[in-house]
Structures are given as C-alpha cells and as structure tokens.
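>>> I'd like to go over a predicted model; first the sequence, then the structure.
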Amino acid sequence: KFPLDNYVRALEADDAASERQFRKAFLRDVRKRIKDVTERAYISPEDGTVDCVLVFIPNEQVYGYVHEHDATLLDDAMKNKVVLCSPLTLFAILAVIRKAADNFRLQETTDEVLALMGTFTNQWNKYSAVVEQLGTRLESAMKAYGELTTTRSRMLQRQLDKIDSLRQHRTEEQESTHELGGVENRDPVSRLTDG
C-alpha cells in the first residue's frame, strides 16, 4: 500500500509552511516504503525472481509530484533495485523486465547448449578416432584378403598344378610300366603257349 495521507494533507494545506511540512513527511514516507520493500525477500534471483522490485504509485499526479519535489529519490530507489512506476509507465516497465528475463533465460539456455556442444564435440572426436582406426584395420584386412585371393591363391594353384602334373606323370609312368612289365614279367610257360 502506497502512503498517500501526507500527500493529501500537503495538497489541502492552507499555508506554505504546512504544505512544506506535509510534503517532507510524504517524501519521507515514500523513502520508508522503498526501504521496507528492499528489506523483504522480494528480490531473490536464486529463487527465480528478477533482480528488481516494482513499487506502484497508483496515480500519475502523485508520480509527477515525487519527480518534481525529490528527483534524487528515484535514483536512490534504482540503486536499491527498486523501480517506481505509475499507471502509464507500469506496462512499459513490465515489458522491459519481461524482455530482460527472457533474455536472461535465453542466455542460460545458450550456456547449456554451448556446454552440450562441448560434450558433443568431445564425443565426436572420440567417435571419429575409433572410426578412423577401424577404417585403417578394414583397409589392412582388405589388402590381406586381396593378397590371399590373388598372389597367395596363384602361388598355391601353381603348387597344386605341379603336384597334379607330377601325379599325372607318375600315373602315366605306372601305366606304361605296367604295360611293359606285363609282357616281360609273364612266366616263360605262358610266353611259350602264347607264341
């Protein structure tokens, strides 16, 4: 609740001395109101609040009166993170505070995204190193496979061809020896009866 009693008395005062006395009392009441607000736990960014508090002055004339009679009061309030606003300035101030809060949240989100990007980059580098190592191993395996299917296969086939050639040659020799040996090795009686 904004202290208006001494403001009304200052406006209704019959003489300059009374007006001055009530004006000082009113400005003192406004400063006390600002002090009361700063002593409460309205400002708590760790609990998700913005880092300032609004004190609503419910009338444009009262707001103008404060500006006119104590310009330092507004600066002192701002130093204590208290913003005085009137019906006309309230929505503009709320819009600025909302934009600032959105920007703050965006900054926090950006920091989180950057931290995640750092983790992602670290994991990507590890992944790339393993993929590169696997690629090198696959290349080596493909090279070894190529060597087995070409050079080693040809070398083994040559040996098999030689073995086969020797086997064929041996078989032919055995067959020819067998044919020759069959005539020569017959017993003499058989030879005589045939002849």
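Everything's here; your move.
>>> Find the residue at the geometric middle of the protein.
Leu116 (2.5 Å; C-alpha atoms, centre = their mean).
>>> That one belongs to a helix, doesn't it?
Yes - Leu116 forms part of a helix when assessed by DSSP: H, G, I helix; E, B strand; the rest coil.
>>> what's the spacing between Met142 and Thr149?
Distance, Met142 to Thr149, by C-beta to C-beta, to the nearest Å: 10 Å. Quick note: C-beta positions are derived from backbone N, CA and C, even for glycine.
>>> again with Asp5
Taking C-beta to C-beta, one finds Asp5 at 103 Å from Thr149.
>>> all strands of the protein, in order?
Assigned by DSSP state E, the chain shows strands spanning 53-56, 82-85.
>>> Show me what the first one is packed up against.
Helices and strands touching strand 53-56, as assessed by 3 or more C-beta pairs under 8 Å, 6 or more residues apart in numbering; DSSP states H and E, comprise helix 16-39, strand 82-85, helix 87-147.
>>> closest to Arg158 out of those?
helix 87-147 (15.5 Å; C-beta to C-beta).
>>> Return the distance of that closest one from the chain's centre.
Taking the mean of its C-alpha atoms, helix 87-147 sits 4 Å from the chain's own mean (C-alpha atoms, centre = their mean, to the nearest Å).
>>> helices or strands up against it?
strand 53-56, helix 60-69.
>>> Mind doing that once more with 10 Å?
Counting contacts by 3 or more C-beta pairs under 10 Å, 6 or more residues apart in numbering; DSSP states H and E, helix 87-147 packs against strand 53-56, helix 60-69, strand 82-85.
>>> Pick the most buried one from the ones you listed.
For the helices and strands packed on helix 87-147, the largest average neighbour count (mean count of other C-beta atoms under 10 Å) is found in strand 82-85, namely a mean of 19.
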